[in-house]
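S.K.: Predicted model and sequence below, questions to follow.
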Amino acid sequence: MTHDLLEAARRFADAHVDVDGVARTPFPGFVLFREAAPTPLNYCVNKPLVAMVLQGAKRVTVGGNTVDFGAGQSLLITAEVPTISQITLATSGAPYYSLVLELDLALVEALVVEMGTAPFVVGAPVKVESTETEVRDAAFRLLHLLDRPASVPMLQEQLMRELHFWLLAGRHGGAIRALGVTDSYARRVGRAVSLIRAEYVKPLPMERLAEAAGMSVSTFYTHFRAFTSLTPLQYQKQLRLIEARRSMLAEGTPIAHAAYGVGYESIPQFTREYARMFGNPPARDVREARTRTRRLNNASN
């Protein structure tokens, strides 16, 4: 089944991959990734997800936690957190392939209720485990629907449900289950994360975030750091910097406009913190990123 899953992913990804290495499926939150060479560092904010590597290897950092994982393993991210990722093993002869499923939290919650009482686990927001046979089998049958498009609207819902079930029943189950418990600390921290994401350009007092999470300030700070590996201030800062970088690269926003647009009041402070996170000051980072993009585009043409 491992070989069958890789072949199904290879066929679809090779036929549908875009310039960013992404092959989107008609299934909500379910995409494939393909890269034929190691990549530069990628900075983004991920929703809770499971990434199943089928070939190649990848490194992901969240806060102070860095994990390496490869073929036959799955990465779980349990919080909506800023991540730094890099594909570390990929060649033209053996490209990197992975399946990524954004977890449907409403479905997780419904399954947790139906599956009954079971322990859930609180830990770091990133975790790597071997991918279970049942998870691979459900993912393969979901991909197989793509060969028969008429079957997608009839069968995708039950197969998505099955895939979530096996994830809950497997090695990642305890951590995923915490996301489906209505009043768990994971869900409470998630409410504060949603507030930061919605209003990251504004000053956000700790008291307001703690109130959103329904906790005291000290309890909130402890659990926020446990679930995200970051303090609330670090989280907001990384969110601002990632958005500023995206704006400069994707939209050509001038450095000062990008800095003010995400809430900075001091350009020197923005430049220092940007260089600390991305390794170069804004102008050089953007220039080098665009050069890499042009080289990749020329190589693919």
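M.R.: Yes, it's here. Numbers count the residues shown, from 1 in each chain.

S.K.: so F220 makes contact with E207?
M.R.: No: the pair F220 / E207 is not scored as a contact, 9.2 Å apart, by Cβ atoms under 8 Å. (C-beta placed from N, C-alpha, C; glycine too.)

S.K.: Helices of the stretch 151-300 of the chain, residue ranges please.
M.R.: For the stretch 151-300 of the chain, helices defined by DSSP state H, counting those that start in this stretch occupy the ranges 152-169, 173-180, 185-198, 206-213, 217-228, 232-251, 255-261, 267-278, 282-300.

S.K.: Deepest in the core, which of those is it.
M.R.: helix 173-180 (a mean of 22; mean count of other Cβ atoms under 10 Å).

S.K.: L54 should be in a strand, yeah?
M.R.: Yes: using DSSP: H, G, I helix; E, B strand; the rest coil, the assignment for L54 is a strand.

S.K.: what about the stretch 201-301 of the chain, any weak spots by pLDDT?
M.R.: Scanning the stretch 201-301 of the chain for pLDDT under 70 picks out 295-301.

S.K.: any idea how far T228 is from N65?
M.R.: 10 Å (Cβ to Cβ, to the nearest Å).

S.K.: Return every residue with contacts to both of those two.
M.R.: P125 (Cβ atoms under 8 Å, 6 or more residues apart in numbering).

S.K.: I'd like the distance from stretch 9-16 to the chain centre, please.
M.R.: Offset of stretch 9-16 from its chain centre (Cα atoms, centre = their mean, to the nearest Å): 21 Å.

S.K.: Quick one: mean pLDDT over it.
M.R.: On average, the pLDDT along stretch 9-16 is 96.

S.K.: next one: stretch 116-129
M.R.: Per-residue scores along stretch 116-129 average to 74.

S.K.: gap between the two ends of that stretch?
M.R.: In stretch 116-129, first residue to last residue: 24 Å (Cα to Cα, to the nearest Å).

S.K.: Then stretch 172-190?
M.R.: 19 Å.

S.K.: Give me the contacts around that stretch.
M.R.: The contact list for stretch 172-190, computed with Cβ under 8 Å, 6+ apart, reads 48, 50, 74, 76, 78-80, 103, 105, 108-113, 118-123, 127, 129, 167-168, 213-215, 220, 223-224, 226-228.
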